[in-house]
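Colleague: predicted model and sequence below, questions to follow.
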Amino acid sequence: MAEKRYYWIQLREGFFKQKEIKKLRKVAGGDTYTVIYLKMLLAAVKQGNKLYFEGVEETFPEELALELDEDPENVKITLAFLERQGLVRVMGEDEFLLLQCEEMVGSESESASRVRRYREKKALQSNTDVTPLLQSGNTDIDKEKDTEKDKNINICPEPDSGPEEPPVITLPLNTGEEYLIFQRDVDVFAELYPAVDVLQAMRGMKGWLLMNPTKRKTKRGIGRFINSWLAREQDKGGKQPVGNNARDMTMEQYLESIRGWNE
């Protein structure tokens, strides 16, 4: 019988400093998309850094959402972003390569894992044996501790990024607070939904929320609300006009814009 093997991903120190990841996290719902990406990497490590579409669901995003226990719309947005940023490559109709996976994957056999745990246990015991020396005031050990402290003193803080840019629009939440939308959010959504006038669509969302105060979203749920609205506009080809607020719409446009939000 083949020996069991363990797999993991190792995030390099600069993972969250990558421009692509910074951009992903700054959009509405970006932290959720980042978690989905990490779960995708974990799912791919045993499969040659690839994800496969097996036809269990109608589309790959829906099937991947089922595997990851995530919302299909959020997975769809994450995949679109990763593909645009060159982090995912479509190899065929049912094969998707995660380009960062190879440099992050690690593995070890079950026997190697046992040896590692044994060595860690021995190291822990060695540290325990040193404790009486520390309590007795061993000067050599104290000097080593002081040296280690000196090594960690000269830490340069990150430069101040300056004041936050003003939001281009805000959306009312059910708490009475305003959810801030910045130009960078609009730019990212414009890439994901090229057929949609994103800022104009945001105005339509704000109008709808103002006229339906009992159906306003939580801070956690507003990201899904935004993405679902934009996805619907994209599916319609982006031609459906969205007014500055709900009062600017015709009755037909208004009914179309709110379809599905009561569900």
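Modeller: Sure, I can see it.
Colleague: tell me the domain boundaries of the chain?
Modeller: 5-104, 169-257 (automatic domain parsing).
Colleague: adding mean pLDDT, distance to Ala123 and mean neighbour count, write the ones you listed out as a markdown table.
Modeller: In short, each C-beta sits where N, CA and C put it, glycine included. Below are the domains of the chain laid out as a markdown table (pLDDT from 0 to 100; distance: least, Cβ to Cβ, whole Å; neighbours: other Cβ atoms under 10 Å):
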| stretch | mean pLDDT | distance to Ala123 | mean neighbour count |
| --- | --- | --- | --- |
| domain 5-104 | 87 | 20 | 16 |
| domain 169-257 | 81 | 42 | 16 |
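Colleague: dump these to a markdown table, plus distance to Lys121.
Modeller: Below are these laid out as a markdown table (distance: least, Cβ to Cβ, whole Å):
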| stretch | distance to Lys121 |
| --- | --- |
| domain 5-104 | 18 |
| domain 169-257 | 42 |
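Colleague: which parts of the protein are helices?
Modeller: 19-26, 30-44, 60-68, 72-84, 101-104, 110-135, 139-151, 183-192, 198-211, 222-235, 251-257 (DSSP state H).
Colleague: neighbouring contacts of the first one?
Modeller: If I follow you right, that is helix 19-26. The set of residues external to helix 19-26 that reach it, using Cβ atoms under 8 Å, 6 or more residues apart in numbering, is 15-16, 30-31, 33-34, 37, 78, 81, 85, 87, 182, 184-185, 188.
Colleague: just those now: which is nearest Leu171?
Modeller: Asp185 (10.9 Å; Cβ to Cβ).
Colleague: now the closest one: how far from Val35?
Modeller: 18 Å (Cβ to Cβ, to the nearest Å).
Colleague: next: Glu233.
Modeller: 26 Å.
Colleague: Gly92 now?
Modeller: 27 Å.
Colleague: what of Asn212?
Modeller: Asn212 is 30 Å from Val35, by Cβ to Cβ.
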